[in-house]
Each structure stands twice: as C-alpha cells, then as structure tokens.
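Enquirer: I'd like to go over a predicted model; first the sequence, then the structure.
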Amino acid sequence: MMKRLVIIGHGMAATRLAERIVDIAPNMYEISIIGEERFLGYDRIQLSHVLSGNVNPTGLLLKDEQWYHDHGITVKTHHKVIELHLKDKKIRTEQGFEFAYDELVLATGSSALRIPVPGAHLPGVMTFRSLDDCETMIQMARQQRNAVVIGGGLLGLEAAHGLNALGMNVTVVHAVSTLMERQLDWHAGKLLERELRNQGIEVAMDAKTTAIHGDHHVEFVELSDGRRIQADLVVMAVGIKPNVDLAKASGIVVNRGIVVDDFMRTSEAHVWAVGECAEHAGVIYGIVAPLYEQVEVLAKKLAQIPVESYKGSVPVTKLKVSGVEVFSAGDFQDDDHSNTLVMMDGLRNRYKKAVFRQKQLTGVILYGDTTHSARYSSLIRQGATWEDLEKAGLWGDKAESASVSTVETWNNDDIVCGCMGVTKGTILNAIKTKGLSSVDEIRLNTGASRSCGSCRSLVGQLLTYVTGNQVEDSNRLCACTDLTHEMVVEAIRSYHLYQVHDVMKQLKWKNSEGCSKCRPALNYYVRMVWPAKADDDPQSRLVNERLHANIQRDGTFSVVPRIYGGVTNSEQLRKIADVADKYHVPMIKITGGQRIDLLGVRKEDLPAVWEDLGMTSGYAYGKAMRTVKTCVGTEFCRFGTQDAIGAGIRLEHALEGLDTPHKVKMAVSGCPRNCAESTVKDVGVIGVEGGFDLFVGGNGGAKVRAADFLIRVRTEDEVEEWALAFLQYYRENARYMERTATWVERVGIEEIRKTLENTEQRVAYAQRLRDTLSRWRDPWQRIVSTDEERRYFQTVHIQPF
Ligand SMILES: Cc1cc2nc3c(=O)[nH]c(=O)nc-3n(C[C@H](O)[C@H](O)[C@H](O)COP(=O)(O)OP(=O)(O)OC[C@H]3O[C@@H](n4cnc5c(N)ncnc54)[C@H](O)[C@@H]3O)c2cc1C
Ligand code: SF4
C-alpha cells in the first residue's frame, strides 16, 4: 500500500520535492500538498521580472494542473494549515479539512519582515514576497507617482528597479553605507550605487526610517536626520522571517528556523522540514540553490535510497536588474587571516575580488562582468587554489583573453546550472545518450537553465561543443547574441516570452538593452508568436514606426492615408485638399503605389492632420502591408477578364494593419497584360479566363526580381485565402528584415507551394493571420483619441525666466 506524504506549503521547495519523489519513487507515496496562496507552486525568483514587466505572470507556474493530476497528487490551494496533531499523525486546515500522513514535510518558507516604526501598517505600505504583492505593486504604480523602498538589499533593489521600470519615481532608503552589504563589499556596493543613480533611482544611504506618515494612506517617509521623502507607495524589503509558528506550537524544536539534522529531519519522528523555514547547522538559506540541494537529500531519504548527508551550501547571489551585472558567492570578507586578489577596471566599470583562506578560494565578488559566475561557484565548492584560477584562465595573464566563457574546458563535475545543481557531466551525458539537439530539450531532460535562466548560454555552448553545430555569424540575429533568428523565435515560443525585455533577459543578451538591430526584430517576433498576449513596445520601433509617418530630409513628415485599391472619390480628395491648405502642406504627390502623399507636415501637426483627414494610416512608413495597386479591370477596361479593383480593395481591407518582417507590396491586374505590375510585387494577382494566377516573391526595388508563379485559383475567396496563408507562412518563417523575394529564394517556391497546398494547413495559416488582425486598431485614430499619445507629438517650448 502507498504511504501518505503530506507537504505543508506549496512554494519552490515543495514543488521540487514532489517532482523528485514522483521521479525516483513513483509508486511509494500518495502525495498531498497544501498551500496558503491562491496559486499552484510558482517560481518566486521571477517575481522581480514580473514587476519590471519582463515576464508574464502566467508563465510562472512550476508545474501545471495537469501535471499534478497525471501524478495523482492532491493539491489544496488557498488552504492554511493551522494545527499539527503529531500523535495522531494528522494536520488540520483553517477551512476544517484534515489530512492524515505517514510522513510530513514542513516547507512553509518565510514571510517578509516589516520594521516596527509608526505607520508601518498604513495603507500603501507593503512587502514584496508573493505574486499577489507583485500584482498590487503593478496596480499602484499605474495610479501613483512616488515610491520609497526601504532596504537596499537584493530584494529591495529588484523592487526599486521594477517600480522604476513601471514609471514611478523611486527612492531606496538604506540604513548602512553599502548597498547589498551582505553580498558585496564597499567597492562593489559603490559601483552599484552609482549605476542605480544613472538609471534614475534615488538612493539615500545611512538613512534610518523613523516613521511613515499619512492620514488615510501613506504620504511620506521620515528619516532620523529629519528628511521627509514623499511616498504614495512604500515597499519594505528589510529581510525575511522563517514561518515556524506551526512547528513551534506543536513542540517541534525551533531556533530561528525549524531545526533539522543532516537529512532534514526535525526533532519529531516522521516530520521533516526543507527550504527557507529550515535551519541547518545554524544556517537558514534564503535562495533557491541550497534549498534544492536540501530537497535532493530529503527526496532520497523519503524514497529510502542511500544518500550522503547534507553538508550545507555555498550561498550565491546574482542581482536581476537589467544593465547591472552583480554576482557574489561564499565568504568574501577579507581579514587578517585571508589573502585577497582584487581587479578594478574603472574604465569599463568592472571589479572582481577573490578571497583565499589557507590558500583555498572561499569567496568571490564580480561586478560588471559575471560571465564566469558559475565557474567561480564550482571552484569555491572544490576549494580551488590561486593556481587553479590561473589554470582556468580566470585570473592572471590569460584572464582577458578568456573573457569568452570556455565551459568546454571545465571539469565534468563543475556545476553549470547553480539553481538546479546540474553539472557539466550530466549535461554532456544527456546530450550524448538522449540525442538532445536544443537548449530546451536539455532543460526538459536535466533541469539545467530552468529556474533563473542565467546559465542558458553556457548550456548552449555545451550543445555546440558536443554536436559541432556552430551558430554561424551570418545567421546571428545581431551582435548582442550568439543565437540565430530561428533559435530566438523558438525560445519565444517555448518560454512563453511576451516582452522584448523578457527575451533579452531569458536568452542572456550580451547587451542587456539590445541594439537597433535586435530590438525591432524582437518586438516583431513576440507579437507574431503571441498576438493576443504580447504588447507592442514602441521604444523598440524605429522612429517612423513610432511616429506613424515617414521622417523627411528636413525633419518634417510625409502623410500617406490609405486609399483602398487606389480608388478615391471627390469627397476624399476635397478633404485631402482642405488639410493640405490648412496645414500649409508644401507638396502633394501621387505615389508609385497609387496613393496620395502629403509631404512636409510638421510633427506637432500630425495628430490634427490625421483627425481632419478621418482616414486610416496607409502604413507607408512600416514593415507592414503597404498597398494593393490595381488596374481598372473588367469594370472599365475592354481587355479585362477579372474585377481587379474589387479583388484589390477586398485584399487591402483583409490585410490592413498587418505587420510583416519587411514591407509587403501587392497588386491585382485584370488580365495578363499586367498593367498593375503584379509580377514585381511581394504578392501579385493576375486575372485569367476563369480565375486568377497568384505570384509571390517579386521585387521592383534596387534588385529587381520577377515573382514566382504560386497557384491558379478560380474565385476571389480562394485568392484571399491563398494570399493570407502565404503572408502568414512568410510572417512565421522569414527573418526580420527579409523581403519575400529573398525568403522565397531561400525556402524555394516548391516547398512553399507544397505547404500551402495542404488545405488544412492553408486554412490554419489564413486563420492565424485573421486572428492577429482581429486585434488591430488604426494607429492614427488611436493616437487622435488618446490625450496622452497626442501629447507625445507636442513640441515642448522652454520659457526663459
Ligand atoms: C522577489 C523575490 C526575488 C527572489 N529572487 C531570487 C533569486 O534571484 N535567486 C534565488 O535563488 N532566490 C530568490 N528569491 C528567494 C526564493 O524565491 C526563495 O528562496 C524560495 O522561494 C523559497 O522557497 P520555499 O519553498 O522554502 O518557500 P516559499 O517559496 O516561500 O514557499 C512557502 C509557501 O508556504 C506557504 N505557507 C506558509 N505557511 C503555511 C501554512 N501554515 N499552510 C499552508 N501554506 C503555508 C506560503 O504561503 C508559501 O506559498 C527571491 C524571492 C523573492 C520574493
Ligand atoms: S491589366 Fe488587363 S484589365 Fe487591367 S488595365 Fe491592363 S489590360 Fe486592362
């Protein structure tokens, strides 16, 4: 019969424990997990990224509902355990449920502390521990302006960075003279302080909070030197307190945490504790890697598999603030008994320090370049000497040339993924024995890169090392990454990345803010993959796309309203003429795509021009579907075999507002005389007896290319379906900035035809494109109707005093 294993708390340690038990002892336990929060176990580490808008909360769950169901695990969310009946081996929840156990695990984690000052419980004062906290902060940041974060430790700085990214004015109030003083020394702390100020975060050092004031809501924070800092939101990030009350009330031995032995056993038989609530050898760990090491020991113990005792862990810290690379590990405080190596590069803002005791490396601080952080963690665990560091190319003459990480040269038992404790040997073995061919497959098989993701590029290097599949430079998305366009798109899908910054963070961009090449590409890719979830990031767009008009040589703009199929009327022409007069437009020009271009419009007049025109944007500035040029077709031409105007207008309506990897031009001609020049368009349609011929991949620009014949169809409905499917196939597979001409040549017209001839696939492609466009709203009309967006176009005149 299966034994009953009850786990109290559904956080990171509990979820990992359940996962390990079902892996190594699948039929041994009936597992129940009872958690106080509303959610299934989620990745708390990522809360800082959720706050800064770089990660969507929906992607945080460590395991989905189906996984618990598939493994027969009973889960109770929103249930607080309030009593342990150790004699009867039962527990009871606040809601009155009872669970009997054979083995009980306390994984209750910690709670955030509040400093006991007057006003500490005013509305608007909060802590940063849970997803609920995170959501409250995001809500408040939308409505309020000023935030004070009390505490300049890791959590405080990540909260400050997140609130700053949400647009709040943020001040960090820190009681001592060094930020993150438990993880950094004075030098690194000062570099960090300077960088945060550069990012627009105020920092008040040596500042002790004495009170928080406000009538019904926080209004300001008062410091011991009398300073008052305005605050609509105060986040206290002053430390954590292990959740031990439950254990204490039932007589289990508790110190600061629940006291455990080397196998995570508490003072009570059949009761174990693991994670942030547990105290081992007088130490409580507040980061995940040690907790997972504890879980590993406990899981094996519960599974009755021989296991070495837990001997404590090397604490490792990495700050998750974009633009700041900070890492520290082990004991890095120097004193009379230590030898210290320091390297300071003031030009590049880099600092590193290694501390040795009895010739063995005990601690490291890295600021500015954390490429080798995982390697240093391993070396500390191994008690490496100075010579070992030199041999590894980390210090000494060869250190600079080794600035590109050389994970290939590491030992097999060096840990590559610190959070999940996965060694280089395990990864190599998994790649070789299981034939893994992507970083994601390695993640699924070994766990490497699953938690904070900072080792992803190392894992990628190992994959390249084993398979020999070098990422060619020419295929790289840009110099900020070694990944190709295709690898990035794959990662966006598999990691559920919805924001440009998510992608850069998750994929360890070399330049955390990206560049003008990758930012627009990523903005396109996230929205192409996740049309319903990804938000447009205007800051990642080129200026023309940001302003929805083409900037001209003299700094004015051109405005091209959409004229469907090139067909206009007297009312539209009159409006255009009136606008041209009213805003003193110096030139009106007919474009090659049969549209009317108003040239020389001032930036501040753009919203008013759009409003007066009352027409939608012609997207003459964007990587988007531009125009559908038409000939007169059967309606007027004596040679016409098909209604070119009708088909063209229909296509232009169906595709209006579509973002594409590069600009897309289209044309419909009514007969093979091809007066609309359909064969040099990205998508060209030519009317023939009884139907239409479709051509794709044409180009009339600098490098002229005749379009390839794709298919002959009978009806306008089919024209629309094939055109939409082709464009969606192109959207999903082309690289950003790749015209259809290049893409069709690269992929081959036969391959494209074969794919789209499959009716099911064709319909699905067309439907995905329609779904994408169902969310489109004309940008001109959106800007015109939003005061905030209109203001963006105003010129600010600074008045002299
Ligand atoms: C914003 C933030 C950023 C972080 N960043 C990092 C990082 O970069 N790297 C890193 O390694 N670590 C980081 N951490 C710390 C890391 O998240 C924790 O170490 C880890 O989550 C602790 O896991 P745990 O399972 O012990 O506790 P928790 O994840 O806190 O889970 C404990 C759960 O038990 C529940 N519980 C408590 N009492 C009861 C009860 N009586 N009944 C039912 N349920 C109960 C709690 O509600 C909670 O859900 C971060 C933490 C935060 C808050
Ligand atoms: S393409 Fe044919 S139908 Fe169209 S204008 Fe030319 S001749 Fe007439």
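Expert: On my side now, so go ahead. Residues are numbered from 1 along each chain as shown. Ligands and ions are numbered 1, 2, ... in the order given.
Enquirer: before we move on, what SS does H496 have?
Expert: Judged by DSSP: H, G, I helix; E, B strand; the rest coil, the three-state class of H496 is coil.
Enquirer: Next up, phi/psi of it, please.
Expert: Main-chain dihedrals, H496, degrees, to the nearest 10: phi 50, psi 60.
Enquirer: residues near it, how many?
Expert: Residues lying near H496 (other C-beta atoms under 10 Å) number 17. C-beta here means a position set from N, CA and C on the backbone, and glycine is covered the same way.
Enquirer: For ligand 2, see how far away it is.
Expert: 47 Å (C-beta to the nearest ligand atom, to the nearest Å).
Enquirer: What score does the residue of the stretch 251-400 of the chain found nearest ligand 1 have for pLDDT?
Expert: Using C-beta to the nearest ligand atom, the closest approach of the stretch 251-400 of the chain to ligand 1 is made by G275 at 2.4 Å. Looking at G275, its pLDDT reads 97.
Enquirer: Name all residues that make contact with it.
Expert: Neighbouring residues of G275 by C-beta atoms under 8 Å, 6 or more residues apart in numbering: G9, G11, M12, A13, A14, A107, T108, G109, L291, Q294, V295.
Enquirer: Could you do E732 as well?
Expert: M528, Y765, R768.
Enquirer: residues in contact with the helix or strand the last one falls within?
Expert: Under the criterion DSSP states H and E, the helix or strand holding R768 is helix 759-773. For helix 759-773, contacts defined as C-beta under 8 Å, 6+ apart pick out 528, 531-532, 654-658, 720-722, 724-729, 731-732, 755-756.
Enquirer: Isn't G124 up against V235?
Expert: No: using C-beta atoms under 8 Å, G124 is not in contact with V235; the gap is 9.9 Å.
Enquirer: about what we covered before: write a PyMOL command that selects only the buried members of the contacts of helix 759-773.
Expert: Of the contacts of helix 759-773, the buried ones can be selected in PyMOL as follows, counting by 16 or more other C-beta atoms under 10 Å:
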select buried, resi 528+531+654+655+656+657+658+720+721+722+724+725+726+727+728+729+731+755+756
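Enquirer: just checking, which of the contacts of helix 759-773 belong to helices?
Expert: Mapping the contacts of helix 759-773 onto helices (DSSP state H) picks out 528, 654-655, 720-722, 724-729, 731-732, 755-756.
Enquirer: tell me the contacts of the nearest residue to E652 once chain neighbours are set aside?
Expert: Counting by C-beta to C-beta, 6 or more residues apart in numbering, E652 lies nearest to V628, which is 4.2 Å off, once chain neighbours are set aside. By C-beta under 8 Å, 6+ apart, the contact list for V628 reads Y564, G565, G566, G648, I649, L651, E652, L655, M666, A667, V668.
Enquirer: so which pair among those residues is furthest apart in space?
Expert: For those, the farthest-apart pair by C-beta to C-beta is G566 and L655; their separation is 14.8 Å.
Enquirer: Where does pLDDT dip in this structure?
Expert: Scanning the chain with the threshold set as pLDDT under 70 gives 53-56, 58-59, 322-323, 396-406, 409, 452-454, 468-475, 795-801.
Enquirer: check which helix or strand covers the spatially most central residue of it.
Expert: The centroid of the chain falls nearest to D502 when counting by C-alpha atoms, centre = their mean (1.5 Å). If you go by DSSP H and E, D502 is part of helix 500-506.
Enquirer: Also T136?
Expert: T136 belongs to helix 131-143, assigned by DSSP H and E.
Enquirer: Not counting its neighbours along the chain, what's nearest E222?
Expert: A211 (4.6 Å).
Enquirer: on that earlier part again, run the contact check for the helix holding T136 versus ligand 1.
Expert: No: residues of helix 131-143 are not located near ligand 1 by C-beta under 6 Å from any ligand atom, the shortest gap being 7.6 Å.
Enquirer: for stretch 168-185, same thing?
Expert: No: Stretch 168-185 lies out of reach of ligand 1 by C-beta under 6 Å from any ligand atom, never closer than 11.2 Å.
Enquirer: So for that stretch, what gets flagged as buried?
Expert: Neighbour-count burial for stretch 168-185, counted by 16+ other C-beta under 10 Å, picks out 168-175, 178-180, 183-185.
Enquirer: Output that stretch in PDB with nothing but the alpha carbons.
Expert: Extracted in PDB, the C-alpha atoms of stretch 168-185 (Å, rounded to 0.1, in the frame of the first residue of the first chain):
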ATOM      1  CA  MET A 168       7.500  55.600 -10.700                       C
ATOM      2  CA  ASN A 169       9.900  58.000  -9.000                       C
ATOM      3  CA  VAL A 170      11.800  55.600  -6.700                       C
ATOM      4  CA  THR A 171      14.000  56.300  -3.700                       C
ATOM      5  CA  VAL A 172      15.800  53.500  -2.000                       C
ATOM      6  CA  VAL A 173      16.300  54.100   1.700                       C
ATOM      7  CA  HIS A 174      19.200  52.100   3.100                       C
ATOM      8  CA  ALA A 175      20.300  52.100   6.800                       C
ATOM      9  CA  VAL A 176      24.000  51.500   6.200                       C
ATOM     10  CA  SER A 177      26.700  52.800   3.800                       C
ATOM     11  CA  THR A 178      26.900  49.900   1.400                       C
ATOM     12  CA  LEU A 179      24.100  48.500  -0.800                       C
ATOM     13  CA  MET A 180      23.700  44.800  -0.600                       C
ATOM     14  CA  GLU A 181      26.200  44.800   2.200                       C
ATOM     15  CA  ARG A 182      25.700  41.100   2.900                       C
ATOM     16  CA  GLN A 183      26.600  40.200  -0.600                       C
ATOM     17  CA  LEU A 184      29.000  42.900  -1.700                       C
ATOM     18  CA  ASP A 185      32.000  44.800  -0.300                       C
END
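Enquirer: on that earlier part again, ChimeraX command for the buried members of the contacts of G275?
Expert: The buried residues among the contacts of G275 can be selected in ChimeraX (16+ other C-beta under 10 Å) with this line:
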select :9,11,12,13,14,107,108,109,291,294,295
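Enquirer: mind listing which of the contacts of G275 are in helices?
Expert: M12, A13, A14, L291, Q294, V295.
Enquirer: re the thing from before, from the buried residues of stretch 168-185, pick the one nearest W780.
Expert: Closest to W780, out of all of the buried residues of stretch 168-185 and judged by C-beta to C-beta, is M168, at 30.5 Å.
Enquirer: Could you count how many residues lie near R553?
Expert: The local packing of R553 (other C-beta under 10 Å) involves 5 other residues.
Enquirer: How about the secondary structure of it?
Expert: R553 is classified as coil under three-state DSSP.
Enquirer: Tell me who's in contact with it.
Expert: Applying C-beta under 8 Å, 6+ apart, no residues qualify as near R553.
Enquirer: How about F263?
Expert: F263 neighbours (C-beta under 8 Å, 6+ apart): V297, L298, K301, V307, S309, Y310.
Enquirer: ok, so what distance separates the second one from V244?
Expert: If I follow you right, that is L298. Distance, L298 to V244, using C-beta to C-beta, to the nearest Å: 18 Å.
Enquirer: go on, C631?
Expert: C631 sits 80 Å away from V244, taking C-beta to C-beta as the criterion.
Enquirer: Does the residue of the stretch 401-550 of the chain at minimum distance from ligand 2 have any beta-bridge partners, and if so which?
Expert: Ligand 2 sits closest to N550 of the stretch 401-550 of the chain, with a gap of 29.2 Å, by C-beta to the nearest ligand atom. With DSSP bridges applied, N550 shows beta-bridge pairing to S558.
Enquirer: Pretty sure it sits against L542.
Expert: No: assessed by C-beta under 8 Å, N550 is found out of contact with L542, at 10.7 Å.
Enquirer: Which of these two has more residues huddled nearby?
Expert: Neighbours were counted for N550 and for L542 using other C-beta under 10 Å; N550 has more, 19 against 14.
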